[in-house]
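Visitor: Okay, predicted coordinates and the sequence, questions at the end:
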Amino acid sequence: MIARPPCGQAPPVSIPARSAVPPGIVGGVNDIPEEEAASIDSVALEEWLARLAGASGVPGGGAACALMTATAAAMVEMVGGYAGDEGEGIVSRAADSRRRALEAIERDALRSGELGDALRRYREDGTDAADRAARDTAVASAHSAAELGEVGVSLIADVARLLEVSERYLVPDIVVAAEGVAAGLAGASAIAWADLRLAEAHGDHGDDLRAVRERIGALVRARSEVDELRRSAAARV
């Protein structure tokens, strides 16, 4: 581990209080109510990861991408604390991105539940109304995944700037941040693309689908940008 000098710049980090498994919940992680299983605000990370490991889908891949993005934002925030006056803006923006990524964990559970319910109703009755509901819910889920990806995109410029101005001993942390952004962005793009394909299978290709494609296209372009940034950061280690 590389020793670092005191920073004196980074703001205090608020750690959510840990709590036990909510009363009345027994059995394995799959017995936990959906809205509680998705939450990361008041449980130990170990408990949340155990819920992620369960075969329930809540939390699922979107929540995992959100956690990776939040971790990347926290790394940007931390390294920004060493960047003097310029770092103040970086720290502020990264803190906002971290908050948005954590909010996406809760949103992913909501969208996943809605999509699962819509597909289940379609399988049960196969009506035009159920088909349309499945399509619309898939579109909403795709937009939600794209929104998460855009949180990662918001970090790229600051990661690049930190690579330019930071001391060499901080470069490994910048690499961690860049890799976290890349991982979260790749996952969010894949989820948005899968939801788009699902929506296309359930209806016409209207303007709302074009809007999803445009957002996914922007994420794909950002992935190329962050891939170059990852290579640049790794070369400086």
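Guide: Happy to help now that I have it. Treat the numbers as computed from the prediction; the structure is a model and nothing was measured.

Visitor: Would you enumerate the residues in contact with the closest residue to Ala95 other than its chain neighbours?
Guide: Distances taken as C-beta to C-beta, 6 or more residues apart in numbering place Glu77 nearest to Ala95, at 5.6 Å, with adjacent residues excluded. To be clear about C-beta, it is placed using only N, CA and C from the backbone, and glycine gets the same treatment. With contacts defined as C-beta atoms under 8 Å, 6 or more residues apart in numbering, Glu77 is in contact with Ala10, Ile90, Val91, Ala94, Ala95, Arg98.

Visitor: ok, and the most crowded of the residues you listed?
Guide: Ala94 (27 neighbours; other C-beta atoms under 10 Å).

Visitor: Tell me the helix or strand right after the worst-scoring helix or strand of the chain on mean pLDDT.
Guide: Between all helices and strands in the chain, the lowest mean by mean pLDDT, DSSP states H and E belongs to helix 34-38, at a mean of 52. Elements were assigned by DSSP states H and E; along the chain past helix 34-38, the next helix or strand is helix 45-53.

Visitor: Neighbours of the nearest residue to Ile156 once chain neighbours are set aside, how many?
Guide: The spatial neighbour of Ile156 that comes closest, neighbours along the chain excluded (C-beta to C-beta, 6+ apart), is Val226 at 5.5 Å. Neighbours of Val226 under the rule other C-beta under 10 Å: 24.

Visitor: buried sites along the one helix or strand Val226 maps to?
Guide: Using DSSP H and E, the element containing Val226 is helix 207-236. For helix 207-236, the neighbour count (16 or more other C-beta atoms under 10 Å) marks 208-209, 212-213, 215-216, 219, 222-223, 226, 229-230, 232-233 as buried.

Visitor: Columns distance to Val175 and pLDDT on top of the residues you listed, output as CSV?
Guide: Listed next are the buried residues of helix 207-236 as CSV, based on distance: C-beta to C-beta, whole Å; pLDDT from 0 to 100:
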residue, distance to Val175, pLDDT
Asp208, 38, 83
Leu209, 37, 89
Val212, 32, 92
Arg213, 32, 94
Arg215, 27, 96
Ile216, 26, 95
Leu219, 21, 96
Ala222, 18, 96
Arg223, 17, 94
Val226, 12, 95
Leu229, 10, 94
Arg230, 7, 93
Ser232, 10, 93
Ala233, 5, 92
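
Visitor: Dump those residues into CSV; add distance to Val43 as well.
Guide: Below are the buried residues of helix 207-236 laid out as CSV (distance: C-beta to C-beta, whole Å):
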residue, distance to Val43
Asp208, 35
Leu209, 37
Val212, 32
Arg213, 37
Arg215, 31
Ile216, 32
Leu219, 30
Ala222, 31
Arg223, 31
Val226, 30
Leu229, 33
Arg230, 31
Ser232, 37
Ala233, 32
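
Visitor: Closest one of the residues you listed to Leu170?
Guide: Among the buried residues of helix 207-236, Ala233 lies closest to Leu170 (C-beta to C-beta), at 10.6 Å.

Visitor: mind listing what that closest one touches?
Guide: By C-beta under 8 Å, 6+ apart, the contact list for Ala233 reads Val159, Leu163, Val171, Ile174, Val175, Ala178.
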